[in-house]
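**Q** how would this look folded up:
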Amino acid sequence: MTTYTPAETAARSGFSIDTLRYYEREGILPAVSRTAGGHRAYTDAELGLLEFLKCLRETGMPVERLRRYGQLCQREDTIPERIALLEEHAMTVEKQLAEVLAQQRRLAEKLDWYRSLG
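**A** Down below sits the predicted model:
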């Protein structure tokens, strides 16, 4: 199994080392295994989870919801709860996207109006 140092994981995931530690401490990321020397050793599975957490974070999921998702991912019997949490977030993202697209249309209208004057 391939493992990665915290620095390699930070570079691959786009999260800072401090954020990785924070996510682990807050239960967003499960406890990371350690080498014989006590250093964190991240796996491909943890990198995959971090990639998805980044998606959730970049789409505006609050930290408390990330924490809940991370906790749910640590148990096999929580698939329905994970689905519900992600469906709720997907609806929030869709609403935000619709609002941004409406603003984009309004901006385009204003630009068209200005261009018609010149």
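**Q** alpha carbons only for contacts and neighbour counts from here, please
**A** Will do.
**Q** remind me what the helix or strand Ala102 falls within packs against, helices and strands.
**A** Secondary structure from DSSP states H and E places Ala102 in helix 79-117. Other elements packing on helix 79-117 under the criterion 3 or more Cα pairs under 8 Å, 6 or more residues apart in numbering; DSSP states H and E are helix 63-72.
**Q** and for the helix it packs on, what's in contact with it?
**A** Helix 63-72 is contacted from outside by 26-30, 53, 56-57, 78-79, 81-82, 85, using Cα atoms under 8 Å, 6 or more residues apart in numbering.
**Q** can you redo those as JSON lines with distance to Asp18?
**A** Shown next, in JSON lines, are the contacts of helix 63-72 (distance: Cα to Cα, whole Å):
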{"residue": "Glu26", "distance to Asp18": "12"}
{"residue": "Gly27", "distance to Asp18": "14"}
{"residue": "Ile28", "distance to Asp18": "13"}
{"residue": "Leu29", "distance to Asp18": "13"}
{"residue": "Pro30", "distance to Asp18": "15"}
{"residue": "Leu53", "distance to Asp18": "15"}
{"residue": "Leu56", "distance to Asp18": "18"}
{"residue": "Arg57", "distance to Asp18": "16"}
{"residue": "Thr78", "distance to Asp18": "28"}
{"residue": "Ile79", "distance to Asp18": "29"}
{"residue": "Glu81", "distance to Asp18": "29"}
{"residue": "Arg82", "distance to Asp18": "26"}
{"residue": "Leu85", "distance to Asp18": "26"}
